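> Make a model of this:
(2 chains)
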Amino acid sequence: MIRFIFVQNRQGKTRLEKWYGSYGDQEKQKLKAEVHRTVASRDQKHQSNFVEFHNNRIVYRRYAGLFFCFCIDTNDNELAYLEAIHLFVEVLDAYHGNVCELDLVFNFYLVYAVLDEMILAGEIQETSRSVILSRLEHLNNLE
Amino acid sequence: MSFFRLKDLIRAVRVCKTAADERSVIQRESAAIRTSFKEADTHDARYVNIQKLLYIYLLGFPVQFGQLECLKLAASARFSDKRVGYLGVTLLLDEKQEILTLLTNSLKTDMHSADDYVVGLALCTLANVGSAAVANDLVDEVERLLGSGRSYVRKKAALAAVRAVRRSPELAAGFVGRTRALLGDKHHGVQLAGVALASELCAHSQEALDEGRRLVPVVVRQVRALLGAASAEHEVGGINDPFLLAACLRLLCVVARGSQEAADEANDVLTQVATQVGGGKNVATAILYECAVTVLGIPSSQALRVLAINLLGTFLAHADNNVRYVALATLATAVISEAPAVQRHRATVVRCMADPDSSIRRRAVDLGFALINAQNVRPMVGDMLRVLPHADVELRPSMVHRLAAAIALFGDDAAWRVERMLRVLSVAGAHVASRDLFKFVRLVAGGGDVDVDDAVRRRAVRTCFALLERDVSQDKMVVGGVWLIGEYADLLVAGGDTEQPQPHAGLDGDDLDILGALGRPASPDAAQPQTAPLSLDAELPQAVPTASEVVRLLAAIARSPVVSRTARHMSLTALAKVAGRIADAAVVASIRQALAAHQRAMDAETQARAAEYSALLGQALAGVRAGVVERMPVPEYADVAYEEYVLNPAAMRMKALTVVRRPALRPEDLDAAPALPGAAAQAAASKREVVEDLLNLMDDAPPQPQPPQSPQSPPAAADSLADLLSSAATLSPAAKPSGLDTPYEAYSDPQGVLITLTPSKQPSAPHVLDVLVTFYNSGDSAVEALALLVAVPRSQKLQISPPSSQTITCGSSATQNVRVANPTRSPVRLRMKLTYEAAGVPHEAMFDFGAFPASVV
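Here you go, the predicted structure:
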C-alpha cells in the first residue's frame, strides 16, 4: 500500500501531502524534509526512480520543477506505481489544462479532490482518466 | 487585518520576501481566523476560514485550533461545506485523536444520504482517517454500501472496508462473503477495489484465504479478459488496464502461495501473461515483473519458473535503471529456490556491481553474495575483491563480513583462504569486524577447520610484512599483521634455513622514525611504486626481512600516530615476542630501545605494556622470558562457524519458515506426563515475584489448549505406563527428539533485525530447554543498546544470560542464551520484549513465540 504521497518543488516546499498511515506532526515535518533531501539530490539521468527510505521505498518522478513522490511498501510493484504517478499527473494536467505549480498552489483543495478520486486508503481506486475527470466535473457542478 | 478570501491570503504569502515576513502574515491571519471562529458562527465564514486554515497547514504552521470547526463544517447540509469540512478532517485530524469519534455521527448520517456524492465523501473520509473505533461503529454501513447500485459508491465502500480491516482485523469475517461479487463486477474500479479488499482479508483470516482460493477461476478469467480485449478507456501503453492486471496477478500470488491446486489453476494464465505481454515499455515490464514475482512466489511448474527467471535475467540487461533495480531485488529472493537458473545470469550480476546507480550497485552486491556456492566461490570472491576498493564506504563493512563468510564457508584450501583474507584485510582492513579478524588469526594459528602448516604461515607472515611496509592505514590489517609477525617472527626471518642474524648498527632515534621506516622498501630490488594497487592477477608481495628490519617496522608502527590503540599495543607485544623468538643480543637491545620510547606514553595501557616488556627483557627475568613469550597455543574456546544466511538473509527467513511449519499435534504429545503438580506450583510461586512484571505480560495470553496440570486428565491409569515409556525414551541420549537444534524464526522487523530461536537439550536434563536466541542484523544501520526481556508461563522457570553483544553491526549477529526449566513439560511459550536503537532511533517490539513442536518440549 501507499504510505504517503508528496508533491514537492525543488526548493523543498511541499505542495501536496497525503498520509495514509498515522504519523505525528513532528514526524510529518521530519519526513517531508528527509524525502526532499533524498529525492532532490539524486541524479535524474543515471539513477533509478526508486530509493530505499527507512523501511519503505520511495517511487518518485520529476515533472518540470515538481517531484511527485509515493512512499510504498518494499514488496509493492514499483514499476506499477511509477505508472500511477504518471496517471495522476495526466489527470491533473487534463483537469487544470496544462497544469503548473501555481495551479497546485491556488487550487490545493482541488488537487486533494483529484487524489481522493484516484487513490483511497493507500490503494489505487480508479485508473480510467475519463471516469475520474467526469466524476470531478460532477462534483464541481454540485458546489 | 484579515484577508477576505483564500486567494488573497495565498497572494499575500507569495509576495513575502523573507520567511519572517511569511510568519508574521500567517500569525496575523491565524489570529483573525481564531477570533472569527469565536464570533461568527455561520457556515459561510467557516467555509472560508477552514480553506485558509488548510493552506496555512500546508505551509507547515500549527492549526490544531481548527479541528473542531472542521467537524462542524462537515456536519453542514451544504455539499461544498461538507467537502471542505471533510478535507479538513482528513488533513488536520489523526486517527489517534479522541476527537475523531465525534465524527462518527456525521459520517453515519452522510452514509445514509440519498445523494451518492455525499455518501462518497463520507466513505472517502472513513477510508482516509478511520480509526479502529470509528471503523467498528460504521462497519454495518460499509457492508450495506458494498451492495449499492452505483459503482462509484461500491468501490469507495470496498476501500473503506480495506481501511476498516487494517485498523480492526476482527472485522475481516464480515467481508469475506462479499469479495466474489466485487471481483466479478463490471466496473474496473470496483474490481480493483475488490482485489485490494480480497488481498487485505487474506492477510487476516484463514477463511478469507480459503475463499480466495475458490475465487482463483474468477481472477484467472479476469486476467484472460484483460489480455484479450482492448479498451480505450483503461489502456496504458498498449496494455488494457495494467493496474488491474498487476493487482490480479498479485492476488493470485497471495492466494496460491502454499496451495498446489490454486497454483495449477493459475499456471496457464501466468504462462500466457509471460509470453504475450511485451513491448519494452515501463507498463509492460511492470506486468512482466509482477508476473515473475507471482510465478516465483507460488508452487508453479518448473518450466514456468525457469521462464520467470529468464525474464528477470533479460531485465538485468535492460537500459532502464528502474528495470535493473527491480530485477536484482527479485532475483535475490529467487536464488534460494531457483539457484541453477539464477546462476546463469551471474556475469550480468557482476556487471551490475559497477552500475552508475548506487542502489543498483548495492543490490547487485547483495545478489552476488547470494549466488556464491562451493563451485563458483573462487571467481566470485575474485569479482568481489575487484569491486571492494571501489564500493561505497557504507557498504564495505557488510561486504567484508560476507566475503569472510564466503571464503570460510566454501574455501577448502587453507593457502587460498589465507591469501584471500589477506587481500580483504589489505584492501578494507579498516572495515573488518574484530570477529572476522579473530577467525582469520585462529585459522592461521591452526584452530580453523582446515589444517595450516608452517609453509602457509611463512607465506602469510611474509606477505603481512610486505603489506604493512606499504600501508598502515587499514586498522585490522595492522592488528592482525602485527600479531602474526610477532607470533611467527622465526618463520618470517629465518626462511626455513639456518638462522642468519644480521649484524646491524645500533638503531638510533632517526631509524625508529615512523615515516623513515615505513617508506623504506624491504630490499633494494623490491623498489616498486609503493602505492600501486595490488593486482588480483599478481601474487601478493612477500618480503624476507632481517631481524632488525622486523624490529624497525614494529617499532615504527608502535610510534605511528595513525594506527589505533589496539594496533599499538599489539606491536609492543609483538616486539616482546620477537625478542623471545630471535635470541640475538643486538636485536634484543634494539627492541628494548624501542620499548623505552613508550615507557612515558600518555596512554596508561601503552605505558604499562612498555614497562612490563622492558622488565621482561631485562636480566632479572631472563629465566622466565622464553616461557612467557613462547608460541601461543591454539585458542581453546569453541568457534562459532559462519552461517550461510550471512550471504543471503532471505534464505534464512525461508529456511526458518519451512521449519516452523510443524506437524499437527499427535494425541500422545497432548497426554504428556503431568509430573509433580505440587513441586511445580512451588517452583512457580518462588519464581513469581522475581519476574512479576514480565509475567504480567503473559496474563492476557490465551489459555493453553491442554493445561498439563489439569488433574481430571481422563485416561490417567492407562497413560501412566505410556508416560514411563516416553520419559524413558527422552532420557536415553540416542533418542533425540526431532525439532531440536534447528532455528525457528521468531521475529523479524523492517529495520532488518531477525531473531531466531534454536532449542537444544542436554540428555541428562530433559526438562530443561536451552534456547539460543540469535539476533541477526540484516539492516543498513548498526543495532545498539540491544536488550531482550523474556517471560514464560508460570509453570516454567526462566534463566537469561546477557547477550553476547549489545551492539550488532550490519550483517552480523549476536546471541543470547535462555534456559527454560519446564518441570511440567507444558508447551513452551515465550513472550519477548525487544528494545534496541538503530541509527539513533529507539525501537521496541513485543512478540510471542510458541511454535516449538511438541517433540521439543
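> Please report how far the residue nearest to A:N107 when sequence neighbours are not counted lies from chain B.
Closest residue in space to A:N107, ignoring its immediate chain neighbours: A:H96 at 7.2 Å, by C-beta to C-beta, 6 or more residues apart in numbering or on different chains. Any C-beta I mention is one placed from the backbone N, CA and C, and that applies to glycine too. Distance of A:H96 to chain B, computed by C-beta to the nearest C-beta, to the nearest Å: 15 Å.
> Please tell me how far A:H96 sits from A:L102.
Using C-beta to C-beta, to the nearest Å, one gets 10 Å for the distance from A:H96 to A:L102.
> more crowded one of these two?
Between A:H96 and A:L102, counted using other C-beta atoms under 10 Å in any protein chain shown, A:H96 has the larger neighbour count: 17 against 12.
> shouldn't that one be in contact with A:V105?
No - in this structure, A:H96 is not within contact of A:V105 by C-beta atoms under 8 Å, at 11.6 Å.
> residue contacts, the residue nearest to B:V283 when sequence neighbours are not counted?
Nearest residue to B:V283 in three dimensions, chain neighbours excluded: B:G237, at 3.7 Å (C-beta to C-beta, 6+ apart). B:G237 makes contacts with A:E83, B:G279, B:K281, B:N282, B:V283, B:A284, as judged by C-beta atoms under 8 Å, 6 or more residues apart in numbering or on different chains.
> Could you rerun that using 10 Å?
Taking C-beta atoms under 10 Å, 6 or more residues apart in numbering or on different chains, we find B:G237 in contact with A:E83, A:H86, B:G279, B:G280, B:K281, B:N282, B:V283, B:A284, B:A286, B:I287.
> of the residues you listed, buried ones?
Among the contacts of B:G237, the ones that count as buried by 16 or more other C-beta atoms under 10 Å in any protein chain shown are A:E83, A:H86, B:K281, B:N282, B:V283, B:A284, B:A286, B:I287.
> list the contacts for the first one?
Contact analysis of A:E83 by C-beta under 10 Å, 6+ apart lists A:59, A:61, A:77, A:124, A:127, B:236-237, B:239, B:242-243, B:246, B:281-283, B:286-287.
> Least confident of these?
In terms of pLDDT, the lowest of the contacts of A:E83 is B:G237, showing 78.
> which non-adjacent residue is nearest residue 10?
In the absence of a named chain, chain A is used. Using C-beta to C-beta, 6+ apart, the closest residue to A:R10 is A:G65 (5.0 Å).
> was after chain B, sorry
Leaving out its chain neighbours, the residue that sits closest to B:I10 by C-beta to C-beta, 6+ apart is A:F106, at 5.8 Å.
> How about the contacts made by the one you found?
Residues in contact with A:F106, defined by C-beta under 10 Å, 6+ apart, are A:H96, B:L6, B:K7, B:I10, B:R11, B:R14, B:Y55.
> And A:A33, by the same measure?
Contacts of A:A33 (C-beta under 10 Å, 6+ apart): A:Q8, A:G12, A:T14, B:G60.
> if I look at it, how far off is B:R305?
For A:A33, the distance to B:R305 - C-beta to C-beta - is 44 Å.
> In stretch B:329-339, which residues are buried?
Buried residues in stretch B:329-339 (16+ other C-beta under 10 Å): B:A329, B:T330, B:L331, B:A332, B:T333, B:A334, B:V335, B:I336, B:E338.
> which SS class is A:Y60?
Of the three states, A:Y60 takes strand under DSSP: H, G, I helix; E, B strand; the rest coil.
> swap in the one 10 residues further on?
Assigned by three-state DSSP, the conformation of A:F70 is strand.
> what number of residues lie near it?
If you count neighbours by other C-beta under 10 Å, A:F70 ends up with 25.
> Go ahead and confirm it touches A:L87.
No - the pair A:F70 / A:L87 is not scored as a contact, 11.5 Å apart, by C-beta atoms under 10 Å.
> quick one: common contacting residues for the two?
Residues touching both A:F70 and A:L87 comprise A:I119, with contact defined as C-beta under 10 Å, 6+ apart.
> The helix or strand containing B:A122: what's the following helix or strand?
Using DSSP states H and E, B:A122 sits within helix B:116-129. Moving toward the C-terminus from helix B:116-129, the next helix or strand (DSSP H and E) is helix B:132-145.
> And that next one, how far out from the chain middle?
In terms of C-alpha atoms, centre = their mean, to the nearest Å, the centre of helix B:132-145 is set 37 Å apart from its chain centre.
> from what I can see, B:E844 looks like it's in a helix, true?
No - the assignment for B:E844, made by three-state DSSP, is strand rather than a helix.
> who are the neighbours in contact with the residue nearest to it when sequence neighbours are not counted?
Distances taken as C-beta to C-beta, 6+ apart place B:T835 nearest to B:E844, at 4.9 Å, with adjacent residues excluded. B:T835 is in contact with B:A785, B:L786, B:A787, B:L788, B:L789, B:P842, B:H843, B:E844, B:A845, B:M846, counting by C-beta under 10 Å, 6+ apart.
> Quick one: end-to-end length of stretch B:540-553, please.
19 Å (C-alpha to C-alpha, to the nearest Å).
> typo on my end, it should be stretch B:69-87
Length of stretch B:69-87, first residue to last, C-alpha to C-alpha: 12 Å.
> buried stuff in that stretch?
Judged by neighbour count using 16+ other C-beta under 10 Å, the buried positions of stretch B:69-87 are B:69-76, B:81-87.
> Which ones among those lie within helices?
In this view, these that belong to helices under DSSP state H are B:69-74, B:81-87.
> Tell me the one of these nearest chain A?
Closest approach to chain A among these (C-beta to the nearest C-beta): B:L87, at 5.6 Å.
> you'd agree that closest one is up against B:G66?
No - under the criterion of C-beta under 10 Å, B:L87 makes no contact with B:G66, lying 11.9 Å away.
> which neighbours do these two share?
Both B:L87 and B:G66 are in contact with B:I50, B:L54, B:L73, where contact means C-beta under 10 Å, 6+ apart.
> any idea which helix or strand comes after the top helix by length along chain A?
When chain A is parsed with DSSP H, its longest helix is helix A:78-96. Next helix or strand after helix A:78-96 toward the C-terminus (DSSP H and E): helix A:101-106.
> Off-centre distance for that next one?
Computed by C-alpha atoms, centre = their mean, the chain-centroid distance of helix A:101-106 equals 14 Å.
> for stretch B:563-578, same thing?
Centroid displacement of stretch B:563-578 relative to its chain, using C-alpha atoms, centre = their mean, is 36 Å.
> Can you give me the buried ones in that stretch?
Per 16+ other C-beta under 10 Å, stretch B:563-578 contains these buried residues: B:563, B:567-578.
> got it, and stretch B:171-183?
B:L171, B:A172, B:G174, B:F175, B:V176, B:R178, B:T179, B:L182, B:L183.
> Run through the residues that contact residue 130.
If you meant another chain, say so; for now it's chain A. A:V91, A:A94, B:A232, B:E233, B:H234.
> Can you look at chain B instead?
By C-beta under 10 Å, 6+ apart, the contact list for B:G130 reads A:121, B:95, B:100, B:103-104, B:107, B:123, B:136-138, B:142, B:160, B:163-164, B:166-168.
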